[in-house]
Each structure stands twice: as C-alpha cells, then as structure tokens.
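Asker: All I have is the shape, not the residue letters:
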C-alpha cells in the first residue's frame, strides 16, 4: 500500500487526517474536497480510499460509483444513522465505517490500515466441509479485506497438511463439525505446535450445545463465534485479534531488536541460531557463521564524535541487511561487532557473501555526517562452517575474524588455509 486518497469536504479534518497518516506511514496521501475534484482524478492510481459518505456539493451517493473500482474504501461520517443504512452497508469494497465524532477517530483509521498491511503479507485459511458455509465465509473475508488471500480446507486433517506446507498462513477460521477431523481436535493439534500469536484461530459453530465455545477456547482457540453471525461481528473479531498479534509483535521487537540499528540483537540471534543448528544436525544441511567487525571504529568515534559513530553502525546494518537473503539471520553481536548465520551455505559460499556482498560494498560506501564531513569506513570478516556445536562454529569464525583484523578490510575463512 503506497497511495491513499482522502475525499472529505471538511478541509480542517482532512488536513489533520493527512498529517496523522503521513506521520505514521511512508505513504503518499492526496486529498480532494468535492465531487468536481473527483471527476478529474484517476482513481486507479490509489491503493486505499478514505471517503466521507456525504459531500456538500452533491446529493448523490457518490460512493456507489467509487465502489465499482477494485479499491478498498474506509467510509467516514459524522452521522451514526448512515452507518446502518442498507444502501451503505451493501456498497462493494467498503471495508469499514468510522464515526468522525469519535475521540479516537484517527487511531481507528490508522489501526485499520495497519490491519490491511498485516493481511497483505499473510494468508487466511477457512476450514469447513460445507460448500455453502465456505462460500459465505470466503465472500465475507474478501468483502471485508479485499487484499487478503483466503484459501479453503475441507476438514482439520487437510488443514494441517496445508499449514505445514505454507508458513504464510497465520489466521484460521474453523468450523466444528467436519469429517476426518473435527474443529476442536484440529485446534488442539495446531495449538500444540504454535503459540497464540503464531497462528490465530477463530472457531465458529452452529452447534446447539452452549458449551461448544468453552471447549474450543480450552482447546486453544483465540476466539469463538456462534452461527449465525453478521459480517460486522466477524470483522470486529478478526480486527481485534490482529491488533493483539501486532501488539505482541511490537513487544517482541523491543525484546529482540537492537534499538540503534533496528536489526536483531545477540539474544534473538542465539535463540534462532540454536534452533537452526539443532535442525542442521537432524536434517544435515549447510550453515555458516560470518563474524563482522567495523575497522578502526574507536578512531571514527574519537575523530568525528559518537553521533557519527552511531550513524556508521546504522548505515552498515542497513547495507548488510539489504544485501542478505531473507532467511539469513543478521544481528548486532556487541559494540561494532555483528554476526550472520547463513542457512544453506557452505563455507565457500558464505565467504563469497562476506567478500562480495559486504566487504566490497562497504568499501564503496560514503556519506556525509551532520557536520558535512564525508565518512568512509571498512569492515573485516571471519567465516566458518566448522564445529560440532554452535558455540564452536562461532569461536572458529571469531578466530578467522581475529586473523582478518591483523591486516583489516579483508575476509578470512578456514578453507583458505587447507
């Protein structure tokens, strides 16, 4: 999501909303104030529309025309009654209604955009054996969240197979009564493997027994809905659960990420690297460690000041992160030292990553600090894929780094001395 259009005849409200959105997101936000402005605009250029239900210069329901485009619309209004009007509820692509008179009106819009961003990166799985229910739930999800990617499983057994093959499935809506594996059994099995924030499970059932909800919740469901339910209720449950997951992600980031460089910290590195190394022992795949140290960092700090030193660390972290693969684990090890776990790379491949994607690129990097001084720096690296334990492999890479630091601006690896 990159481009947002605000359609609102209250110029003061419009400007404040634009300011809030630009402060929160790196989006381009455009605003118009009349139906005349709308006619001269190419709507297809926008990823999201935030629109007042009524515009002062027209009596027509102009949202009817906007809803023909395949663009999600957040409708805003100062009149509570307009939210419940049938002609507004049935508008295509209107994903939510927000009251302009609410004290947290901007926060609601920002939360909704965050939810849409979250859903654009994951998949929703609907688990239900009844074709009619599948269709109803699929249509509701696609209407409420047009950018989502819902898929179908016919029972719990099939759902587990799908989830094991696709790690992007993070949100599951499951029925209770299904052949092969019912919803409660499926929920228990899934929850035994994944935490509440790793896989969100909303259970639904038309079962007449009123203890069904408590049985699902005890089995590990995040939430429960009795059938029949309306679209608005489903939306609120999904939104609330996603907001909880996003909040937990923020807390994890605070615990696992280095505040200055915004990459993972040493604690998180050891947590992930230990699990990966255990998998390597079982499944026999290549992993390597790259240890990195910024050359003459103390001298940089002493010469240009700690503010420039911090900038060097940030620039370096950004460059390395952008040049690594998605499954590589990159962390700040301490001070000016960094560490990378490369997965599926033997020592020679890891050496090439350190040499071509890091050392040479850092050597070419230059930037101006706050005092307009041009800054250059270099990095040394040590590489190893040897060791019976993770600690041994890190120690071997550290020994190679020590060797590289003797001459600086170079990469050393054990295979070079065979």
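Answerer: Sure thing, it's come through. Given the structure is predicted, the values throughout are model-derived calculations rather than measurements.
Asker: what are the ranges of the helices in the stretch 301-418 of the chain?
Answerer: Taking DSSP state H, counting those that start in this stretch as the test, the helices found in the stretch 301-418 of the chain are 306-323, 347-352, 360-364, 390-405.
Asker: Quick one: closest of those to residue 250.
Answerer: Shortest distance between residue 250 and these, using Cβ to Cβ, is found for helix 306-323: 19.4 Å. Heads up, the C-betas are built off the backbone N, CA and C, glycines and all.
Asker: one step back: just put the helices of the stretch 301-418 of the chain in CSV and tack on mean neighbour count and distance to residue 370.
Answerer: Conversion of the helices of the stretch 301-418 of the chain to CSV gives the following (neighbours: other Cβ atoms under 10 Å; distance: least, Cβ to Cβ, whole Å):
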stretch, mean neighbour count, distance to residue 370
helix 306-323, 17, 6
helix 347-352, 19, 35
helix 360-364, 14, 21
helix 390-405, 19, 29
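Asker: Need these in JSON lines (columns: mean pLDDT and distance to residue 115).
Answerer: Converted to JSON lines, the helices of the stretch 301-418 of the chain look like this (pLDDT from 0 to 100; distance: least, Cβ to Cβ, whole Å):
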{"stretch": "helix 306-323", "mean pLDDT": "95", "distance to residue 115": "26"}
{"stretch": "helix 347-352", "mean pLDDT": "95", "distance to residue 115": "39"}
{"stretch": "helix 360-364", "mean pLDDT": "95", "distance to residue 115": "36"}
{"stretch": "helix 390-405", "mean pLDDT": "95", "distance to residue 115": "37"}
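Asker: The ones you listed: which one's closest to residue 146?
Answerer: Distances from residue 146 to each of the helices of the stretch 301-418 of the chain were compared using Cβ to Cβ; the shortest belongs to helix 306-323, at 30.5 Å.
Asker: Give me the distance from the closest one to the chain's centre.
Answerer: Offset of helix 306-323 from its chain centre (Cα atoms, centre = their mean, to the nearest Å): 22 Å.
Asker: The stretch 1-150 of the chain: strands as residue ranges?
Answerer: Secondary structure of the stretch 1-150 of the chain (DSSP state E, counting those that start in this stretch): strands at 3-7, 28-32, 48-52, 73-77, 94-99, 123-127, 150-153.
Asker: Looking at those, spot the one closest to residue 40.
Answerer: That would be strand 28-32 among these, by Cβ to Cβ, at 8.7 Å.
Asker: for that closest one, packing partners?
Answerer: Applying 3 or more Cβ pairs under 8 Å, 6 or more residues apart in numbering; DSSP states H and E, we find strand 28-32 packed against strand 3-7, helix 11-24.
Asker: partner strands of that strand, parallel or antiparallel?
Answerer: Neighbouring strands of strand 28-32 in its sheet, by DSSP bridges, are strand 3-7 (parallel).
Asker: Next up, the contacts around residue 184.
Answerer: Residue 184 sits next to 176, 203, 215-216, 219 when contact means Cβ atoms under 8 Å, 6 or more residues apart in numbering.
Asker: returning to that earlier point: how about the strands of the stretch 1-150 of the chain, which one is nearest residue 396?
Answerer: Evaluated with Cβ to Cβ, the strands of the stretch 1-150 of the chain place strand 123-127 nearest to residue 396, the distance being 40.0 Å.
Asker: tell me, what residue is most central in this structure?
Answerer: The geometric centre of the chain, computed from its C-alpha atoms, lies nearest to residue 118 (Cα atoms, centre = their mean), at 5.5 Å.
Asker: residues in contact with stretch 33-48?
Answerer: Looking at what lies outside stretch 33-48 - Cβ under 8 Å, 6+ apart - the contacts are 1-5, 7-9, 11, 14, 30, 32, 49, 55-58, 60, 62, 66, 69, 71-74, 113, 116.
Asker: of the residues you listed, buried ones?
Answerer: Buried positions within these, assessed by neighbour count (16 or more other Cβ atoms under 10 Å), are 4-5, 7-9, 14, 32, 49, 55, 62, 66, 71-74, 113, 116.
Asker: returning to that earlier point: now intersect the contacts of residue 184 with the strands, please.
Answerer: Counting by DSSP state E, the contacts of residue 184 place residue 203 in strands.
Asker: Among the contacts of residue 184, which ones are in helices?
Answerer: Secondary-structure check on these using DSSP state H: residues within helices are 215-216, 219.
Asker: hang on, the earlier thing: now, among the contacts of residue 184, which is nearest to residue 157?
Answerer: Distance to residue 157, by Cβ to Cβ, is smallest for residue 176 among the contacts of residue 184, at 14.7 Å.
Asker: The closest one: what's it in contact with?
Answerer: For residue 176, counting by Cβ under 8 Å, 6+ apart, the contacting residues are 182-184, 203-205, 207, 212, 216.
Asker: hang on, the earlier thing: who wins for proximity to residue 376 among the strands of the stretch 1-150 of the chain?
Answerer: strand 28-32 (33.9 Å).
Asker: quick one: the closest one to chain centroid distance?
Answerer: In this view, strand 28-32 has its centroid 25 Å away from the chain centroid, taken as Cα atoms, centre = their mean.
Asker: contacting residues for residue 307?
Answerer: 369-370.
Asker: for residue 134, that is, sorry about that
Answerer: 126, 128, 152.
Asker: In CSV, list the strands of the stretch 1-150 of the chain along with distance to residue 21 and mean pLDDT.
Answerer: Listed next are the strands of the stretch 1-150 of the chain as CSV, based on distance: least, Cβ to Cβ, whole Å; pLDDT from 0 to 100:
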stretch, distance to residue 21, mean pLDDT
strand 3-7, 6, 93
strand 28-32, 5, 92
strand 48-52, 8, 91
strand 73-77, 11, 89
strand 94-99, 13, 87
strand 123-127, 26, 94
strand 150-153, 27, 92
